[in-house]
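> My questions are about this predicted structure, shown below with the sequence.
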Amino acid sequence: MSQFSVYVRLLVILSLFNFLVAGIAAQTLANDKMVFLIKSGTDSSGNPMYRMATSQDQRANQIYDRFWRDEGVQKVIESHQQVDSNNNALNTPPGYHNIQKPSPVFVEIGNQTGTYNDWKGTFSVQDANGRVHTYDEPRVVLDLNDSMWQSRDQTLVEQTLVHEIGHGIMRKLYGKSDMPDTPWLGRPHYGDLVTDEQLALIEGWAEFVGAEFTGRHTIAEDPADSLTMNAYAYQDNGQPKTTEQLFKTEGWVATVMLHISKHPSINNGYQKLMESMRLSRAHDFNAVLRKYLSKYPEDGAAMQQILGKASINQFNKPMGGEIEVNPGDPSPPPVDVATVQNGSNDQNLLNLFNDYQSSLNTYAQLRLDMAHVDWYRGAWPQEIQRRMSFQQSLVKSLESRLIFALRQTSEIHNQQLIAQTLLDNMEKIRFEHNRTIQSYQKTNWWNRSVRSRLKIELELYKELYSMNKTVTDNVHTDTLYEVWNQRNARMQYRIRQAETASSQYGVPAKPNCNSALDADCRDAYNKLIGAIRVNSTGNEAKSALENYKALGQR
Ligand SMILES: [Zn+2]
């Protein structure tokens, strides 16, 4: 039995609660990760209204159980929620503590509706107690009438759900109003078809997500490995498509994305693609690539290789001329080139590591939940406690298996990836820890509930830090040092970039400030500049800076 299904059975606090109150002999098909909906009418504003599906809705129940057992579905939901958490964190002003939880993935079980993601709509859900909640969220619609359900290929069905959730991820990265629009939306299309740049980006992204998380490297019912074989780069007569046609072909966009995420010398390609999309909110893939290279110049060489191959040597850089990284800056140090590439990558080690990471995340979330029992309106702190002890023993057993595996294997590339993630984790934990200490110090002594909550968080961060440290100590030593040095080199490069940017605006250097919260701290200023530079352009950015300056002179 997988970790996840055990977890699901224990979980579902909210629905269990509803279940007890309402006293119905059916369980809601809903928890804090996925909510199944069935259409029940329209709300007072004319938006569609849903009820939560229950175990008595037979088909829905079968599908629900089946999706929960699927690893690809679990992972894509994790990614969906991660984008939400990032957005929440970005919208939290300094000094405030964000307690908003990421929203679940909403799945409508439809009939004769078509299968798609409705990212434009607003909808309402009536819970088991009759209360109505309205959401402005992307919603996956699954058509039970779809021929896909008759397919014998199980992974095709899962890939379809993962694909639709992928659309929701893009909607969360872009925001509802900035999503590309095209007359092609709603028209039939397929992997190989030349449409327009907007649809190719929207669908290419979702096809890529479907392939990335299921490991099924093709689109719909196309031949196996169509993506990895670059099949979508050719016309029907066997000739390569033109540059213009390639950027209008969803299958080709998905191909390039998949190669970015799988390239041996690119780390976290999936995350970098998401960040490039979030920052650019681009409406075509070429613009996404340009943003990518301006933000991650260290991947330039790998990108040349990928584009050259995928375009059948027609181009190896995005269109539109030179990409400005930061004029006058030396090229960044090469990073993370795998020293050994013998083709046999030890996927088991990575899988084990991913399991360990996600079990640790769940554990951390439960610990935080304990500090915020008020989220559950007084319901069931013992249940959280019970889940926590369970989760803790799971983390411990995965930890010892992982340490054993790390000592056995000599797979440098995977050891590098793991070292990279662990060092990132420790840095983030340190940052959160220090931020929490600052909040703690600023909280009045009499505000006991807040202080005790912050104390629980501080303890958690210490514990997480030492857990990550324990695993890190078991990574191959030379590999760890190498990754550590690469990180430092890259950090230096970024600092130089930020300094060049700030000196352009004539900001006096004050390198010795201790706190990023000091009004005239240069770090804070650099951060602000960074934020403005990536989020807006030209005059808008300039006037934001002028305002900031004026603020300081008052
Ligand atoms: Zn789609």
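Nice, I can see it.
> for this protein, which residue is closest to the average position?
In the chain, the residue lying closest to the centroid (Cα atoms, centre = their mean) is Ser79, at 3.6 Å.
> Now that that one has come up, it's in contact with Ile169, right?
Yes - applying Cβ atoms under 8 Å as the test, Ser79 and Ile169 come out as touching, 6.0 Å apart. Just so you know, the C-beta spots here come from the backbone N, C-alpha and C atoms, and that holds for glycine as well.
> Need the overlap of contacts for those two.
Taking Cβ atoms under 8 Å, 6 or more residues apart in numbering as the criterion, Ser79 and Ile169 both touch 209, 274.
> What strand or helix carries Val141?
strand 139-143 (DSSP states H and E).
> C-terminal to that strand, what's the next element?
Counting by DSSP H and E, the next helix or strand C-terminal to strand 139-143 is helix 154-174.
> quick check: mean pLDDT across that following helix?
In this model, helix 154-174 has an average pLDDT of 94.
> Packing partners of that helix?
helix 71-90, strand 105-110, strand 116-118, strand 139-143, helix 197-214, helix 269-280 (3 or more Cβ pairs under 8 Å, 6 or more residues apart in numbering; DSSP states H and E).
> Comparing those, which comes out most buried?
With neighbours taken as mean count of other Cβ atoms under 10 Å, the helices and strands packed on helix 154-174 reach their highest mean count in helix 197-214, at a mean of 26.
> so who does the residue nearest to the centre of the chain touch?
Applying Cβ under 8 Å, 6+ apart to Ser79 gives the contacts 169, 209, 213, 270, 274.
> Would you point out the most distant pair within those?
Across the contacts of Ser79, no pair lies farther apart than Phe213 and Met274, at 13.1 Å, counting by Cβ to Cβ.
> I'd like the mean pLDDT over the longest helix seen in the chain, please.
What stands out as the longest helix in the chain, according to DSSP state H, is helix 412-442. For helix 412-442, mean pLDDT rounds to 85.
> and what of stretch 199-210?
Mean pLDDT, stretch 199-210: 97.
> so how far is it from its chain's centroid?
Stretch 199-210 sits 15 Å away from the centroid of its parent chain (Cα atoms, centre = their mean, to the nearest Å).
> so where is the chain shaky, pLDDT-wise?
1-25, 93-95, 97-98, 326-347, 372-381, 493-554 (pLDDT under 70).
> now for the longest strand seen in it, which elements pack on it?
Secondary structure of the chain per DSSP state E: the longest strand is strand 34-42. With contacts defined as 3+ Cβ pairs under 8 Å, 6+ apart, the packing partners of strand 34-42 are strand 48-52, helix 58-68, strand 105-110, strand 123-126.
> Which of these sits closest to Asn117?
That would be strand 105-110 among those, by Cβ to Cβ, at 10.0 Å.
> And stretch 455-462, what's buried?
456-458, 460-461 (16 or more other Cβ atoms under 10 Å).
> who's in contact with it?
With Cβ under 8 Å, 6+ apart as the test, stretch 455-462 has contacts from 364, 367-368, 370-371, 429, 432-433, 436-437, 440.
> repeat that with 10 Å
For stretch 455-462, contacts defined as Cβ atoms under 10 Å, 6 or more residues apart in numbering pick out 97, 363-364, 366-368, 370-372, 428-437, 439-440.
> Quick check on the residues you listed: which are buried?
Buried residues within the contacts of stretch 455-462, defined by neighbour count using 16+ other Cβ under 10 Å: 363-364, 366-368, 371, 429, 432-433, 435-436, 439.
> May I see the helices and strands packed on strand 34-42 arranged in CSV, with distance to Val288 as well?
Formatted as CSV, the helices and strands packed on strand 34-42 follow (distance: least, Cβ to Cβ, whole Å):
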stretch, distance to Val288
strand 48-52, 32
helix 58-68, 29
strand 105-110, 24
strand 123-126, 29
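> From the chain's centroid, how far away is stretch 109-126?
Worked out by Cα atoms, centre = their mean, stretch 109-126 lies 23 Å from the chain centre.
> Who are the packing partners of the strand holding Val141?
strand 34-42, helix 58-68, strand 105-110, strand 116-118, helix 154-174 (3 or more Cβ pairs under 10 Å, 6 or more residues apart in numbering; DSSP states H and E).
> Indicate which one of these is closest to Gly191.
Of these, nearest to Gly191 by Cβ to Cβ is helix 154-174, at 11.4 Å.
> Give the buried residues for that closest one.
The neighbour-count check on helix 154-174 (16+ other Cβ under 10 Å) flags 156-174 as buried.
> now do stretch 259-271
Buried positions in stretch 259-271, judged by neighbour count with 16+ other Cβ under 10 Å: 259-270.
> cool, stretch 356-364 as well?
Neighbour counts over stretch 356-364 (16+ other Cβ under 10 Å) mark 356-360, 362-364 as buried.
> Mind listing residues that contact it?
Residues from elsewhere that reach stretch 356-364 (Cβ under 10 Å, 6+ apart): 3-4, 7, 11, 74-75, 78, 82, 387-388, 390-399, 401-403, 405, 418, 421-422, 425, 429, 457, 460-461, 463-464, 467-468, 471.
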